[in-house]
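Visitor: For reference, the sequence and a predicted model appear below.
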Amino acid sequence: MKKNIELLKQSIKKWDSIIDGTGVDEGIKNCPLCQEYWEEYGSGDCLYCPIREYTGETCCNGTPYTDWDMYCYHEYSESLPYKVFDKKSLSLAEEERDFIQRVLEWYKEEYNEM
């Protein structure tokens, strides 16, 4: 449980850096949760990922990441890494960070890790 809390915190830090312009999104390559749960099993099923637990979906479907990914793909570059490049991409990055923060709070409550 504590491992997932730390991974969620690291994910929030990743998105904070994207928002402040010092970081980029490299998809599964620099997502702490994907490094633990997608890469480990190699199937993309995200088994035991707290975001999957929260949404019931794999590969961050059902999260703001989908909108971020599609917008960056169509408006910025057809390949990763993605970064904030305009007001809308900034807003989408903030939505993803805020979503992960909500998952963190839910997870801590769900597993009594306050």
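Guide: Cool, got the structure.
Visitor: pLDDT score assigned to the residue nearest to Val24 when sequence neighbours are not counted?
Guide: The spatial neighbour of Val24 that comes closest, neighbours along the chain excluded (CB to CB, 6 or more residues apart in numbering), is Pro81 at 3.8 Å. C-beta here means a position set from N, CA and C on the backbone, and glycine is covered the same way. Per-residue pLDDT puts Pro81 at 96.
Visitor: Please give the number of neighbouring residues around Pro81.
Guide: Pro81 sits with 15 neighbouring residues when counted by other CB atoms under 10 Å.
Visitor: And Asp20, by the same measure?
Guide: Under the neighbour criterion other CB under 10 Å, Asp20 is assigned a count of 10.
Visitor: can you pull the pLDDT of it?
Guide: Looking at Asp20, its pLDDT is 98.
Visitor: before we move on, what about Ser17?
Guide: For Ser17, the model assigns a pLDDT of 98.
Visitor: again, but for Tyr41
Guide: Per-residue confidence at Tyr41 stands at 55 (pLDDT).
Visitor: Can you mark which positions in the helix or strand of the chain with the lowest mean pLDDT are buried?
Guide: Sorted by mean pLDDT, DSSP states H and E, the helices and strands of the chain end with helix 32-37, the least confident at a mean of 92. Along helix 32-37, these residues count as buried under the neighbour rule (16 or more other CB atoms under 10 Å): 32-34, 36-37.
Visitor: which stretches of this structure aren't confidently modelled?
Guide: Within the chain, the segments meeting pLDDT under 70 span 39-44, 114.
Visitor: at 80 instead, please
Guide: Within the chain, the stretches falling below the threshold (pLDDT under 80) are 39-44, 113-114.
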